[in-house]
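# Fold the following for me, if possible:
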Amino acid sequence: MRQQLRSLNVIPEPETARKPGRPKGGRSEQTRERILDAAEQLFADRGYDGASIRDVASVAGLQIHSVGYHFGPKEQLFDAVVARRADIMTALRREALEEAKQRAGDGAIPIMQLVRDYVSPFIQSASHGDVGWRNYAALMGRLANSPLGTEIIARHYDETARAYIAELQRALAGAEPEDVVDGFSAMVAAMLGICAATGRPERLSGRDGQRPPEDSFETLVRFHTAGFLALTSA
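The predicted model follows:
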């Protein structure tokens, strides 16, 4: 899987939309990255409502008008923050799915492979990526429980999610489509919860220190594989 995200901090970031006429590269691109990094950190720490454009400008070390110039109003900035890494997640998941289809030939892709391929990029990014990836993981955990987050997640992730759900339904002959969707939603919620770094699993288990998300990866894969397979039983 792209050499495990190429260590997650060296994959070239996808470009976000520019206003017509804005020159590519140079100081403008550096400024955009500073704004996105600052916004990502603040949205992860405070949520959408708790972070203002003024806060973003302050953390980025820029004038407030610079944020609006590059990204427009706060909702557009928020969308750009999500999109920057969502594009990478989507590419990795689609690449893994195509490889799994080739290996399966005319047969169904194994459930465990589908679970592993969908969850792995996000778990690995939260475990081994730079601070930006860890902020993004925390941000996505927040987004999953907000109306605005649901809309933005749908915009950037639903197409790929549907592709995986279609393969799950193919592999789970006899399972109700609604049940497969519910199982997929539960899997995503567990993935986000593991990566949110709240410390709650450690408190419940009595462990000292915070575990990296990858420590729970195999458990998540086995658990949700069994859950999907149970959908075919009477």
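
# Not counting its neighbours along the chain, what's nearest Tyr118?
Spatially, and ignoring its direct neighbours in sequence, Tyr118 is nearest to Tyr164 (5.2 Å; Cβ to Cβ, 6 or more residues apart in numbering). In short, each C-beta sits where N, CA and C put it, glycine included.

# My guess is that neighbour contacts Ala96. True?
No - taking contacts as Cβ atoms under 8 Å, Tyr164 lies outside contact range of Ala96: 9.7 Å.

# what residues do these two have in common as contacts?
117-118 (Cβ atoms under 8 Å, 6 or more residues apart in numbering).

# Could you report the pLDDT at the residue nearest to Tyr118?
Tyr164 carries a pLDDT value of 98.

# same thing with Thr150?
You'll see Thr150 listed with a pLDDT of 77.

# How about Ser216?
88.

# List the residues that contact it.
123, 194, 201.

# same thing but at 7 Å, please
Listed by Cβ atoms under 7 Å, 6 or more residues apart in numbering, the contact set of Ser216 reads Ile194.

# ok, now how distant is it from Ile123?
8 Å (Cβ to Cβ, to the nearest Å).

# Name all residues that sit in contact with the two at the same time.
Ile194.

# any low-confidence regions in the chain?
1-26, 145, 197-199, 202, 209, 234 (pLDDT under 70).

# quick check: longest helix of it.
helix 74-104 (DSSP state H).

# what packs against that one?
The helices and strands touching helix 74-104, judged by 3 or more Cβ pairs under 7 Å, 6 or more residues apart in numbering; DSSP states H and E, are helix 2-6, helix 26-50, helix 64-71, helix 111-128, helix 147-171.

# Could you give the number of residues near the nearest residue to Glu214 once chain neighbours are set aside?
With Cβ to Cβ, 6+ apart as the criterion, Glu214 has its nearest non-adjacent residue at 4.0 Å, and that residue is Ser127. Residues near Ser127, counting by other Cβ atoms under 10 Å, number 20.

# Quick check: the gap between Ser127 and Gln210.
Applying Cβ to Cβ to Ser127 and Gln210 gives a distance of 11 Å.
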